[in-house]
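Undergrad: Here is my input; please provide its structure:
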Amino acid sequence: MNNSIKKILYFPITKIIIGIVVCFSLFVVIQNFVLKPFFYSIIQDKSIADPIIHCVSSIVLLVSYYYLFRLYDKRKITELSIKYLPKEMFGGLSSGF
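TA: Okay, the predicted model is just below:
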């Protein structure tokens, strides 16, 4: 691959834009065109179906992030590890609160 194309593809802002576009578009497509029609046909009450749809969509978002950056950066994805989950969750919740 050309060196200038590599520089552009692996520039941090480009990685952020690619991550947002790919993961969010996959999230929206799966949620609106797959999960909503499927769960609304099975479960008549939307107040029950919507939380299930959002949970499954969040899992799809995390899995797409994991595989995109595992292939794109060719690295181990440590930011989604369970090892530091309690510490990171407490920090995120406390700073958000």
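
Undergrad: now for the protein, which residue lies nearest the mean position of the chain?
TA: Closest residue to the average C-alpha location of the chain: residue 61 at 2.6 Å, with Cα atoms, centre = their mean.

Undergrad: Test for you: state the pLDDT assigned to the residue nearest to that one when sequence neighbours are not counted.
TA: Nearest non-adjacent residue to residue 61, counting by Cβ to Cβ, 6 or more residues apart in numbering: residue 27, 4.6 Å away. For glycine as for every other residue, the C-beta is placed from the backbone atoms N, C-alpha and C. Residue 27 carries a pLDDT score of 94 in this model.

Undergrad: element containing the residue lying closest to residue 76 once chain neighbours are set aside?
TA: Nearest residue to residue 76, sequence neighbours excluded (Cβ to Cβ, 6+ apart): residue 70, at 7.7 Å. Here residue 70, judged by DSSP states H and E, is contained in helix 46-72.

Undergrad: what comes up buried for that helix?
TA: Residues of helix 46-72 classed as buried by neighbour count (16 or more other Cβ atoms under 10 Å): 49, 53, 56, 57, 60, 61, 64, 65, 68, 69.

Undergrad: from the chain's centre, how far out does that helix sit?
TA: 6 Å (Cα atoms, centre = their mean, to the nearest Å).

Undergrad: re the thing from before, pLDDT and distance to residue 33 for the buried residues of helix 46-72 - can I get that in CSV?
TA: Formatted as CSV, those follow (pLDDT from 0 to 100; distance: Cβ to Cβ, whole Å):
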residue, pLDDT, distance to residue 33
49, 94, 15
53, 95, 12
56, 95, 13
57, 95, 12
60, 94, 12
61, 93, 15
64, 94, 15
65, 93, 20
68, 93, 20
69, 91, 24
